[in-house]
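*Asks:* Have a look; sequence and predicted model below, questions after that.
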Amino acid sequence: MLKNRIIFVYLIFALAAPIAVQGEIFSEPLTPIQEESVQPVPVDTVEVEELPQEPVIQNNFKQPVSKKKIAKKFLLAMSGVAISSIILFVLLSLYNKLRASFGGNAIQPPAEGEAPLETPDNLTDAVKTFLDKTKWN
């Protein structure tokens with residue numbers, strides 16, 4: 001239920017974004033261009049410098065990239081992934097320790113009539129847990 005509400009709110013904002021952007025673009029009044037402000041420049045007053053002509057080399061293909069450069073970029077990307085994973089692990093471990101120290105024991109026994117969240121030991125217990133959780137009669 002909550003997941004559907006979150007998706008609904010996200011869709012509302014995603015669909016409303018173009019409307020907000022369009023409102024910003026057209027919020028300023030348009031001013032007509034005055035023809036007096038544009039004055040032609042006489043041809044006699046313009047001096048054109050001629051640059052020496054160099055041969056134009058057209059290269060439509062990318063130059064090959066060395067394997068060393070590709071390996072270096074790959075290792076940089078993988079090291080970024082490793083560093084961010086380590087940082088996330090450390091931060092989440094600290095968060096769990098903080099939460100455990102302030103909240104006490106957050107694990108509560110299941111209420112009457114609910115199946116426990118423990119892994120069953122044998123097949124019959126597993127089937128019984130499945131039937132209890134899915135309310136299969």
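*Replies:* Yes, it's here.
*Asks:* Could I get the full set of strands for the chain?
*Replies:* Ranges of strands in the chain, per DSSP state E: none exist.
*Asks:* Longest helix in it, please.
*Replies:* When the chain is parsed with DSSP state H, its longest helix is helix 67-103.
*Asks:* Just the mean pLDDT for that helix, thanks.
*Replies:* Mean pLDDT, computed over helix 67-103, is 93.
*Asks:* For residue 63, give me phi and psi.
*Replies:* For residue 63, the backbone dihedrals (degrees, to the nearest 10) come out as phi -70, psi 150.
*Asks:* Against residue 69, how distant is it?
*Replies:* Remark: distance between residue 63 and residue 69 (C-beta to C-beta, to the nearest Å) = 11 Å. For glycine as for every other residue, the C-beta is placed from the backbone atoms N, C-alpha and C.
*Asks:* neighbour-wise, which of those two wins?
*Replies:* Neighbours were counted for residue 63 and for residue 69 using other C-beta atoms under 10 Å; residue 69 has more, 9 against 6.
*Asks:* what separates the more buried one from residue 132, distance-wise?
*Replies:* 59 Å.
*Asks:* for residue 92, same thing?
*Replies:* On the measure of C-beta to C-beta, residue 92 and residue 132 end up 31 Å apart.
*Asks:* Looking at those two, which has the bigger crowd around it?
*Replies:* Taking neighbours as other C-beta under 10 Å, residue 92 and residue 132 compare with residue 132 leading, 13 against 10.
*Asks:* All set, thanks.
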